[in-house]
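Participant: structure for the following, please:
(2 chains)
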Amino acid sequence: MSSRPGERPFTEEEVLRYSRHIILPNIGAAGQRKLLEAKVLCVGAGGLGSPVAMYLAAAGVGTLGILDFDRVDLTNLQRQLLHDTDDVGRPKVESAKERLNAINPDVDVVTHDTILTSENAFDILGRYDVVVDGTDNFPVRYLVNDATQMLGKPLVYGSIFQFDGQASVFMPGPDTPCYRCLFPEPPPPGTVPSCAEGGVFGVLPGIVGSIQAVEAIKLITGAGEPLVGRLLLFDALAMDFTTVNLRWDPECPVCGTNPTITELIDYDAFCGLTPTQAPPEAEHGAKTHVEA
Amino acid sequence: MAVTVKIPTLLRAQVDGRPTIEGTGRTLGDVIDDIETRYPGIKGSLVTDDGGLHRFVNVYLNDEDVRYLSSLETKVSDGDTVAILPAVAGG
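Facilitator: Numbering: from 1, shown residues only, chains lettered A, B, ... in the order given. Model (predicted):
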């Protein structure tokens, strides 16, 4: 393949491995090169994080960060394809890295075996171009939203419950909506059951996470129209996809015209949780954490 | 006016498990009052004690967030679809 001066030419193996992208209109050699140079962080290596990370690794995303503090549990395996039966008890980031490098050994998989907090969020998220939200609780969702807005990074949002899924893309800055424009306040603690309490249809995160992977690749390559200002709703039982308009809220405390939240806050407190009170959606009763 | 109300999984237990229900009224608020008569309790999941929409639940008329229309005063027409979207956090 031809390359511009200063660009590393594709290796023979890369030309073959990525040939179906390279010959694809809207991606092409230029798009594939952007993928190889891209740095993407998956927050959560669970139901959503599995298809996101596996497709991004297969696509050749150069640096793929995987953030999860949890260990693989037998109950995860019904939907979290990053992890195998033999991985039960292992840190999720370890089994994820193995799986991802088995798919594509050229990807630099960076593991973050940690809870995402207001203290470490800027440091970790700041190293990536695009952040994908695959968390399983409200405090971290608001944290990831606020941090990406403040850092000026695009956020690919996805969320699931039982048979329903949602996805969108939140760009930084005004004029386009963020998660807080969609849901200014979290629901009262205890009113929304977790997947552990309410169950989750195993294939559902496969659909929603794959949509997040699509959007991440579109953001990186510039292909198509990103899911900005629109919210995709998926109902697996009805097999219904609906898109609704998502508007920027000029009053938004983070991305509005006069932001009132200009630094990261205590997200457990914001979500009505005290430090000693486990989030109702937490499967393992940890403090602000990432699982999925 | 008869409209179709799409019920998310999270709230389906309140409407006998139905994915959609019919409601009638001149405004969105009327429609919610109408379905409340058949499914008592559903209104409390959508509307605060002060009579506004909860900020962690979004309601769309066709594909538009009713907060950017006239909220509960939004007029509805025959054949409209109302979609309810609660915040969920699963991943």
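
Participant: A:Gly173: neighbour count?
Facilitator: For A:Gly173, the neighbour count with other Cβ atoms under 10 Å in any protein chain shown is 10. Quick note: C-beta positions are derived from backbone N, CA and C, even for glycine.

Participant: so who does it touch?
Facilitator: Neighbour list for A:Gly173: A:149, A:152, A:255 [criterion: Cβ atoms under 8 Å, 6 or more residues apart in numbering or on different chains].

Participant: go again with 10 Å.
Facilitator: Neighbouring residues of A:Gly173 by Cβ atoms under 10 Å, 6 or more residues apart in numbering or on different chains: A:149, A:152, A:248, A:255.

Participant: just the buried subset of the residues you listed, please.
Facilitator: Using 16 or more other Cβ atoms under 10 Å in any protein chain shown as the burial test, those include A:149, A:248, A:255 as buried.

Participant: and the helices in chain B?
Facilitator: B:9-12, B:28-38, B:42-46 (DSSP state H).

Participant: right, and these - which one's nearest chain A?
Facilitator: For those, the distance to chain A is smallest for helix B:9-12, at 4.2 Å, taking Cβ to the nearest Cβ.

Participant: next one: the closest one to chain centre, how far?
Facilitator: The chain centre lies 12 Å from the centre of helix B:9-12; the measure is Cα atoms, centre = their mean, to the nearest Å.

Participant: same check, this time on stretch A:8-21
Facilitator: With Cα atoms, centre = their mean, you get 26 Å for stretch A:8-21.

Participant: wait, which of the contacts of A:Gly173 is closest to chain B?
Facilitator: Distances from chain B to those, taken as Cβ to the nearest Cβ, are shortest for A:Trp248 (10.4 Å).

Participant: hmm, the closest one is touching A:Tyr179, no?
Facilitator: No: A:Trp248 lies out of contact with A:Tyr179 (Cβ atoms under 10 Å); the separation is 12.0 Å.

Participant: residues from chain B in reach of chain A?
Facilitator: Proximity of chain B to chain A (Cβ under 10 Å from any Cβ of the partner chain) is limited to residues B:6-10, B:12, B:19-20, B:45, B:54-58, B:60-65, B:67-68, B:81, B:83, B:85-91.

Participant: mutual contacts of A:Trp248 and A:Tyr179, please.
Facilitator: A:Cys255.

Participant: ok so, going back, of the residues of chain B next to chain A, grab the buried ones for PyMOL.
Facilitator: Remark: buried members of the residues of chain B next to chain A, expressed as a PyMOL selection using 16+ other Cβ under 10 Å:
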select buried, chain B and resi 6+7+8+9+10+12+19+45+54+56+57+58+60+61+62+65+67+83+85+86+87+88+89+90+91
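
Participant: is A:Arg4 part of a helix or strand, or is it coil?
Facilitator: For A:Arg4, the secondary structure call by DSSP: H, G, I helix; E, B strand; the rest coil comes out as coil.

Participant: how far away is it from chain B?
Facilitator: A:Arg4 is 39 Å from chain B, where distance means Cβ to the nearest Cβ, to the nearest Å.

Participant: list the contacts of stretch B:70-82.
Facilitator: For stretch B:70-82, the external contacting residues (Cβ under 10 Å, 6+ apart) are A:242, B:1-7, B:20-21, B:23-33, B:35, B:46-47, B:51-53, B:59-69.

Participant: next, the buried residues of that stretch.
Facilitator: Within stretch B:70-82, the residues scored as buried using 16+ other Cβ under 10 Å are B:71-72, B:74, B:76, B:80, B:82.

Participant: relative to A:Arg230, which of the buried ones among the contacts of A:Gly173 is nearest.
Facilitator: Comparing the buried ones among the contacts of A:Gly173 against A:Arg230 with Cβ to Cβ picks out A:Trp248 as the nearest, at 12.1 Å.

Participant: which residues does that closest one contact?
Facilitator: Neighbours of A:Trp248 in contact, by Cβ under 10 Å, 6+ apart: A:171, A:173-178, A:181, A:228-229, A:255-257.

Participant: re earlier: farthest-separated two in the contacts of A:Gly173?
Facilitator: Across the contacts of A:Gly173, the longest distance by Cβ to Cβ is 15.8 Å; it joins A:Gly152 and A:Trp248.

Participant: can you show me the strands along the stretch 101-250 of chain A?
Facilitator: Secondary structure of the stretch 101-250 of chain A (DSSP state E, counting those that start in this stretch): strands at A:108-112, A:130-133, A:155-161, A:164-170, A:230-235, A:240-245.

Participant: nearest to chain B, of those?
Facilitator: With Cβ to the nearest Cβ as the criterion, chain B lies closest to strand A:155-161 of the strands of the stretch 101-250 of chain A, at 3.6 Å.

Participant: hey, what's A:Gln166 bridged with?
Facilitator: Beta-bridge partners recorded for A:Gln166 (DSSP bridges): A:Ser159, A:Leu233.

Participant: contacts only, for it.
Facilitator: Neighbouring residues of A:Gln166 by Cβ under 10 Å, 6+ apart: A:157-160, A:182, A:208, A:211, A:231-234, A:244, B:8, B:85-88.

Participant: how much space between it and B:Tyr60?
Facilitator: 12 Å (Cβ to Cβ, to the nearest Å).

Participant: joint contacts of these two?
Facilitator: A:231, A:233, A:244, B:85.

Participant: which of the residues of chain B next to chain A fall within strands?
Facilitator: Residues of those located in strands (DSSP state E): B:6, B:20, B:57-58, B:60-61, B:64-65, B:81, B:83, B:85-86.

Participant: how about the residues you listed in CSV, adding pLDDT?
Facilitator: Compiled in CSV, those are given as follows (pLDDT from 0 to 100):
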residue, pLDDT
B:Lys6, 94
B:Thr20, 94
B:Val57, 93
B:Asn58, 95
B:Tyr60, 96
B:Leu61, 97
B:Glu64, 95
B:Asp65, 95
B:Thr81, 96
B:Ala83, 95
B:Leu85, 93
B:Pro86, 92
